[in-house]
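A.B. asks: no sequence on hand, only this structure:
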C-alpha cells in the first residue's frame, strides 16, 4: 500500500530524512548496489497475497547470496536533541528458514559502492531469522569504535515469522531511552545505558574483600546420625535366577555341571551413602562487597551520532524472496504512526485471508483432479470387464 500526498501535509512539522516506497520507476537511480562476487540482485516486485498487484516493494532475488544495496537520505542530519524513528515493512516468502532482513544506518559521506561487512555504521536494526534458535530483532549500536549488541535478545515468536507483512520500528529518544516495536507493539523498551553494555558497570566487586577462612558455603551435608545398615555390603549385585530350571536334554557328561543364569539382585541397592541434610553452619553463597567503579563514566549522549547520511540493506539470505517497503527515517513518532496506518495497517489480515482462499482453490483443484483420476481408472476397469467375454470366446475357438 503506497503513501498519499496528504499524509506528508498532515505531518508537515516532522523532519523526514528517508521515505522510500518504491512507487516510481526511478527507484533504481536512488539505490546503489555494492559490487561483490557473492552478491545477489534486487528488483521491485509485487507482494504475495495482496489485492493490489501494482503494490510493489524491493525484493531479494537470489538464494544463498549477500545483498548490499543502499540509498542516501534526502539530507544528512545529526540526531542530537532529537528523537530518531526508523521503521520499515518486510514480507518473507513461505518457509523462510534462514536469513537477515535488517538495515544499517550509515554516517554521512559513506561510499555506498564500497559498503561491506567491515564498514562502520551507526545503527543496525531488523530481524535475523535462522531456524528457531536464533530468531530475533537486531538492534546494534556503534559506540566508541565497537558494535554493541543488546544484552538480552529481542526474540521473535513462532507466529512472528510467517509469510505476511510485518512492521519493524526502532525509536531512540534524546533521554537515552528506546523502544523496539513489532507490528505496532513494543517488544522491548527502557534505558540504552542499562540494556546495552555501552558503559563500564557502576559498581564492581571490592578486590580487597576476601572470603573469611571460616566461611561455610556447603549448603548440604551428610547426616551424621545416618548409619550404614549391618550387612549392607554383603548384599550381592547379582543372584542365581531361582526360576531357572535345568533343561531336560542337559547332558552333564557332555555339557558339564548346569548352573542357573544370574539375574540382578532386587535386594542390591548400590554403594551406600548417608542421606543429605541442611547444613546448620551454612552461611550462604559468599560474594565480595560492591564498591563504586572508578572506571564508570555516565554518558547522556549514547543515543546521539554526529551524522546520518544513508541506509543500506546489507544482509545474507539462504532463501531469497523477502520484500521490503515503506522504509522511513524521521524524527517524529506521530508521523511514523501515520505512515504505518496508511501503508501497513490491516495488510497482514488481508494477506492471510487471500492466502487461505488461494489454498482452498488449490485444495479443491487437487481434489477434483484426484476424483477425475479415480473415475478414469474405474472406467478403464469397466472396459476391461466388457472385453473379457469376447476374448474368452476367441480363446475357445
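C.D. replies: That came through, no problem. Bear in mind that the values here come from a model prediction, so they are computed numbers and not experimental data. Numbering: from 1, shown residues only.

A.B. asks: looks like residue 281 contacts residue 214 (just checking).
C.D. replies: No: Residue 281 is beyond contact range of residue 214, at 9.2 Å (criterion: C-beta atoms under 8 Å). C-beta coordinates here come from the backbone N, C-alpha and C atoms, glycine included.

A.B. asks: for the chain, which spans come out with low pLDDT?
C.D. replies: Flagging of the chain using pLDDT under 70 yields the residue ranges 1-12, 131-133, 379-397.

A.B. asks: can you check which strand is longest in it?
C.D. replies: In the chain, assigned by DSSP state E, the strand with the most residues is strand 65-77.

A.B. asks: give the buried residues for that one.
C.D. replies: Neighbour-count burial for strand 65-77 flags 65-73, 77 (criterion: 16 or more other C-beta atoms under 10 Å).

A.B. asks: and of those residues, the nearest to residue 156?
C.D. replies: Distances from residue 156 to the buried residues of strand 65-77, taken as C-beta to C-beta, are shortest for residue 67 (19.9 Å).

A.B. asks: contacting residues around that closest one?
C.D. replies: Going by C-beta atoms under 8 Å, 6 or more residues apart in numbering, residue 67 touches 39-40, 42, 60, 313-317.

A.B. asks: one more time with 6 Å
C.D. replies: Residues near residue 67 by C-beta atoms under 6 Å, 6 or more residues apart in numbering: 40, 60, 313, 315.

A.B. asks: next: residue 303.
C.D. replies: Residue 303 sits next to 172, 176 when contact means C-beta under 6 Å, 6+ apart.

A.B. asks: can you tell me the helix or strand for it?
C.D. replies: Following DSSP states H and E, there is no helix or strand that holds residue 303.

A.B. asks: could you do residue 180 as well?
C.D. replies: With DSSP H and E as the criterion, residue 180 is inside strand 177-182.

A.B. asks: hmm, who's touching that strand?
C.D. replies: Contacts of strand 177-182 (C-beta under 6 Å, 6+ apart): 137, 139, 154, 169-172, 186-189, 191-192.

A.B. asks: again, but for stretch 84-100
C.D. replies: Where contact means C-beta under 6 Å, 6+ apart, the residues beyond stretch 84-100 that reach it are 47, 101, 125, 128, 130, 163, 165, 167-172, 315-319, 321-330, 333, 336, 344.

A.B. asks: how about the contacts made by the residue nearest in space to the middle of the chain?
C.D. replies: Centroid-nearest residue in the chain, with C-alpha atoms, centre = their mean: residue 135, separated by 0.6 Å. Contacts for residue 135 (C-beta under 6 Å, 6+ apart) come out as 129, 156, 161.

A.B. asks: relative to residue 304, which of the residues you listed is nearest.
C.D. replies: Of all the contacts of residue 135, residue 304 sits closest to residue 156, with 28.6 Å by C-beta to C-beta.

A.B. asks: got the contact list for that closest one?
C.D. replies: Counting by C-beta under 6 Å, 6+ apart, residue 156 touches 135-136.

A.B. asks: give me phi/psi at it?
C.D. replies: Residue 156 adopts backbone torsions of phi -100, psi 130, taken as degrees, to the nearest 10.

A.B. asks: in a helix, residue 29, correct?
C.D. replies: Yes: under DSSP: H, G, I helix; E, B strand; the rest coil, residue 29 falls within a helix.

A.B. asks: so it versus residue 342, what's the distance?
C.D. replies: Distance, residue 29 to residue 342, by C-beta to C-beta, to the nearest Å: 25 Å.

A.B. asks: looking only at neighbour counts, state which of these two leads.
C.D. replies: Neighbour totals were compared for residue 29 and residue 342, and residue 342 leads with 16 against 8 (other C-beta atoms under 10 Å).

A.B. asks: for the more buried one, phi and psi?
C.D. replies: phi -80, psi -30.

A.B. asks: same question, residue 337
C.D. replies: Note on residue 337: its backbone torsions stand at phi -60, psi -40 [degrees, to the nearest 10].

A.B. asks: next, count neighbours for it.
C.D. replies: Using other C-beta under 10 Å, residue 337 has 16 neighbouring residues.

A.B. asks: nearest to residue 113, of the contacts of residue 67?
C.D. replies: Nearest to residue 113 out of those is residue 313 (C-beta to C-beta; 14.3 Å).

A.B. asks: before we move on, the earlier item: which among the contacts of strand 177-182 gets closest to residue 378?
C.D. replies: Using C-beta to C-beta, residue 137 is the member of the contacts of strand 177-182 that lies nearest residue 378, at 55.7 Å.
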